[in-house]
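A.B. asks: sequence plus the predicted model coming up.
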Amino acid sequence: MQNVVEIEGVNKIYEGGFQALHDVNLNIRKGEIFALLGPNGAGKTTLIGSICGITDATSGSIRICGHDNRKEFRKARAKLGLVPQELTTNAFESVNATVKFSRGVFGKPANQELIDQILTDLSLIDKKNNPMMTLSGGMKRRVMIAKALSHEPEVLFLDEPTAGVDVELRKDMWRLVHKLRENGVTIILTTHYIEEAEEMADRVGVITGGKLLVVEEKQALMQKMGKKQMILTLERDLDEIPERLKKYNLEQRGCELIFNYDVKDNSKGVQELVRDLNEANIQFHDLSTKQSSLEEIFVEMVKGS
Amino acid sequence: MNLTSIKTIYLFEMDRTRRTLTQSIASPVLSTALYFVVFGSAIGSRIDNIDGVSYGAFIVPGLIMLSVLQQSISNASFGIYFPKFTGTIYELLSAPISYVEIVIGFVGAAATKSLILGLLILLTAFCFVDLQIQSPFLMLLFLVLTATTFSLFGFIIGIWADGFEKLQIIPLLVVTPLAFLGGSFYSIKMLPPFWQKVSMLNPVVYLISGFRWSFFGEGDVSLGVSLVMVAVFLAVCLFVVRWIFKSGYKLKP
């Protein structure tokens, strides 16, 4: 598959000596939604900033659609759209003026029809002539997206797009991201809401302390790192786990018996366990299963690093 | 050269002037008109002619320069400081444009505003004093050069400043005294010899002198020296701006 962003051995050391990125290697494939997960201060924004030209990487190379982002910055940056984390707007400008400015500054000829379409898609068209300062936080966030879309990027960076956004707007944002992907835009989003990555991403990268710990297909990651548990609520407490059940990976918590099994094994062990429980005459009156979420995987991974 | 980007930045900045017309144009024109009333008409009538020029007419080039200097610095420094302050600078840094285009857009707009202002003050002056311009072309050249150079200087201040106080400090504590002591209201020749020599260290002397030369064919220093000094200052500013963008000083973390 064609890579639209190729990052090789990127390090970033800030003036004070703080190393924000450690030897980051990452390829982003054309047309995918890639979620960069990490706690606050993990290096997500620095990585995006290094790709987009907000900051310069100390070493390493970054190519966008084959163009070096420093030597061929015009060609490279023309492909990119960036929605930064912070709501940075010109308070006195109208929505339309600020979106038009973005298109112009990227060297694209004026196209009011396109801008109107983007504003309509983002439910901003009725605010078109309102000054930015009269807009709510959620509306400003939409304007930030409209600005990035105004110059028709091939790769869109959304840095914490739903931070501080209400549930309805978050869902709207998700719909928009899917729609953009259908139109062929590659999307890279950073988030610390794992739910968001779980809902949207094709692939997930986990970054912490400036190091990219893992990059994996979302499903594969959940399968590989995920745990599956079957929880049996017993009729009465067990004094101890009978000998014949010791071969299973069991935990006992009061009258709950928890069976940990591998997702890849699927239900292979489950049947046998139920049969063995019957034979040992252990009765249970409830049974549930639980699969670890991306969040649990993430927390474990970041803790482990 | 990305002309669309330059035009976009230029028009965006010019639009800011339209919105703040009173602050950008009306107030400097009014304050200069007050100078003409006070120094030109009221007090000026009691002051002798300088080099055969009435005092009211003599201060016109100095007053125009004073405003052009101050407004160029203030327009350009605010123009680039504001996106830094609000954070919208991210868009300029991530756009496919070079620093040359950013500078042309911002400095071009700031210089245009100062130029318009300078011409408006000149028009105002015609209402108060009897004035003739000996070399209109040279006058325009000086105005354009000064507006451009000091807009570049303002641009540098805007990048250097990391607070509103720093934005004001150089124009207030350095430029205004230099402009007042640079012969806006008097001829350097009126000073004792020692202070005449000290004044020669003031770069504004050369600007005002050259500009005054274009009006009256007379100045404190020769026209050539004035032109060279403006060119040197312009070159220094260009060099600093180039260094800022190459090094990312105060622009890129």
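C.D. replies: That came in fine, so what should we check first?

A.B. asks: buried ones in the helix or strand bottoming out on mean pLDDT in chain A, by neighbour count?
C.D. replies: Among the helical and strand segments of chain A, the one scoring lowest on mean pLDDT, DSSP states H and E is helix A:294-304, with a mean of 73. Using 16 or more other Cβ atoms under 10 Å in any protein chain shown as the test for burial, helix A:294-304 gives A:294, A:296, A:297, A:298, A:301, A:302. (Glycine included, C-beta is placed from N, CA and C.)

A.B. asks: and for stretch B:51-70?
C.D. replies: B:53-70.

A.B. asks: related to what we said a few turns ago, report the distance from the least confident helix or strand of chain A to the chain centre.
C.D. replies: Relative to the chain's own centre, helix A:294-304 is displaced by 14 Å; criterion: Cα atoms, centre = their mean, to the nearest Å.

A.B. asks: do stretch B:177-190 as well
C.D. replies: Stretch B:177-190 sits 16 Å away from the centroid of its parent chain (Cα atoms, centre = their mean).

A.B. asks: figure out the length between the terminal residues of it.
C.D. replies: 18 Å (Cα to Cα, to the nearest Å).

A.B. asks: pull out the buried positions in that stretch.
C.D. replies: Neighbour-count burial for stretch B:177-190, counted by 16+ other Cβ under 10 Å, picks out B:178, B:179, B:181, B:182, B:183, B:184, B:185, B:186, B:187, B:188.

A.B. asks: try stretch B:25-41
C.D. replies: Within stretch B:25-41, the residues that count as buried by 16+ other Cβ under 10 Å are B:25, B:28, B:29, B:32, B:33, B:35, B:36, B:39, B:40.

A.B. asks: one step back: mind giving me the packing neighbours of the least confident helix or strand of chain A?
C.D. replies: Packing contacts for helix A:294-304, counted by 3 or more Cβ pairs under 8 Å, 6 or more residues apart in numbering or on different chains; DSSP states H and E, involve helix A:194-200, strand A:203-208, strand A:211-217, helix A:218-225.

A.B. asks: where among these is the average confidence lowest?
C.D. replies: Lowest mean pLDDT within those: helix A:218-225, at a mean of 75.

A.B. asks: and that helix, C-alpha only, in CSV?
C.D. replies: Presented in CSV, the C-alpha positions along helix A:218-225 are these (Å, rounded to 0.1, in the frame of the first residue of the first chain):
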residue,chain,number,x,y,z
LYS,A,218,-6.6,-1.9,15.7
GLN,A,219,-8.2,-5.3,15.6
ALA,A,220,-4.9,-7.1,15.6
LEU,A,221,-3.7,-5.1,18.6
MET,A,222,-6.9,-5.8,20.5
GLN,A,223,-6.6,-9.5,19.7
LYS,A,224,-2.9,-9.7,20.5
MET,A,225,-2.9,-7.7,23.6
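
A.B. asks: which one of the buried residues of stretch B:177-190 is nearest to chain A?
C.D. replies: residue B:179 (30.2 Å; Cβ to the nearest Cβ).

A.B. asks: redo the buried residues of stretch B:177-190 as a markdown table? Include distance to residue B:166.
C.D. replies: Putting those into a markdown table (distance: Cβ to Cβ, whole Å) gives the following:
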| residue | distance to residue B:166 |
| --- | --- |
| B:178 | 18 |
| B:179 | 20 |
| B:181 | 23 |
| B:182 | 23 |
| B:183 | 28 |
| B:184 | 25 |
| B:185 | 29 |
| B:186 | 31 |
| B:187 | 34 |
| B:188 | 31 |
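
A.B. asks: widest-spaced pair of the residues you listed?
C.D. replies: Farthest-apart pair in these is B:178 and B:187; separation 16.6 Å (Cβ to Cβ).

A.B. asks: quick check: phi and psi at the residue of the stretch 51-200 of chain B at minimum distance from chain A.
C.D. replies: As assessed by Cβ to the nearest Cβ, chain A sits closest to residue B:87 within the stretch 51-200 of chain B, at 3.2 Å. Here is the backbone geometry of residue B:87 (degrees, to the nearest 10): phi 100, psi -10.

A.B. asks: now the helix or strand that contains residue A:188 against strand A:203-208, angle please.
C.D. replies: Element membership for residue A:188, per DSSP states H and E: strand A:186-191. Strand A:186-191 and strand A:203-208 are oriented at 40 degrees to each other (axes from the mean of the first three to the mean of the last three Cα atoms, to 10 degrees).

A.B. asks: kindly format the C-alpha coordinates of strand A:186-191 as PDB.
C.D. replies: What follows is strand A:186-191, C-alpha atoms only, in PDB (Å, rounded to 0.1, in the frame of the first residue of the first chain):
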ATOM      1  CA  THR A 186      -5.900  10.200   4.900                       C
ATOM      2  CA  ILE A 187      -6.600  11.100   8.500                       C
ATOM      3  CA  ILE A 188      -4.200  11.100  11.400                       C
ATOM      4  CA  LEU A 189      -5.700  12.000  14.700                       C
ATOM      5  CA  THR A 190      -4.300  12.200  18.200                       C
ATOM      6  CA  THR A 191      -6.400  11.500  21.100                       C
END
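
A.B. asks: adjacent strands (with direction) for that strand?
C.D. replies: strand A:33-37 (parallel), strand A:155-159 (parallel) (DSSP bridges).

A.B. asks: out of these, deepest packed?
C.D. replies: strand A:33-37 (a mean of 26; mean count of other Cβ atoms under 10 Å in any protein chain shown).

A.B. asks: can you name the next helix or strand after that one?
C.D. replies: Following strand A:33-37 in sequence, per DSSP H and E, is helix A:44-52.

A.B. asks: does that next one reach chain B?
C.D. replies: Yes. Counting by Cβ under 8 Å from any Cβ of the partner chain, chain B is contacted by helix A:44-52 at A:49, A:52.

A.B. asks: just list what the helix or strand just after that helix packs against, helices and strands only.
C.D. replies: Downstream of helix A:44-52, the first helix or strand assigned by DSSP H and E is strand A:59-64. If contacts are counted by 3+ Cβ pairs under 8 Å, 6+ apart, strand A:59-64 sits against strand A:3-13, helix A:44-52, helix A:73-78.

A.B. asks: next SSE downstream of strand A:59-64?
C.D. replies: Criterion used, DSSP H and E; the element after strand A:59-64 is strand A:67-68.

A.B. asks: tell me the strands beside that next one, with direction?
C.D. replies: strand A:59-64 (antiparallel).

A.B. asks: all helices for the stretch 101-250 of chain B, in order.
C.D. replies: For the stretch 101-250 of chain B, the helices defined by DSSP state H, counting those that start in this stretch cover B:136-160, B:164-170, B:176-179, B:193-199, B:203-216, B:223-247.

A.B. asks: with only the CA atoms kept, save the fifth one in CSV.
C.D. replies: Which is helix B:203-216. The C-alpha coordinates for helix B:203-216 follow below in CSV (Å, rounded to 0.1, in the frame of the first residue of the first chain):
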residue,chain,number,x,y,z
PRO,B,203,20.3,57.2,12.1
VAL,B,204,17.1,59.1,12.0
VAL,B,205,19.0,62.3,11.3
TYR,B,206,19.9,60.9,7.8
LEU,B,207,16.3,60.0,7.1
ILE,B,208,14.9,63.4,8.0
SER,B,209,17.7,65.2,6.4
GLY,B,210,17.3,63.4,3.1
PHE,B,211,13.5,63.8,3.2
ARG,B,212,13.9,67.5,3.9
TRP,B,213,16.3,67.7,1.0
SER,B,214,13.6,66.5,-1.3
PHE,B,215,11.3,69.3,-0.2
PHE,B,216,13.7,72.3,0.1
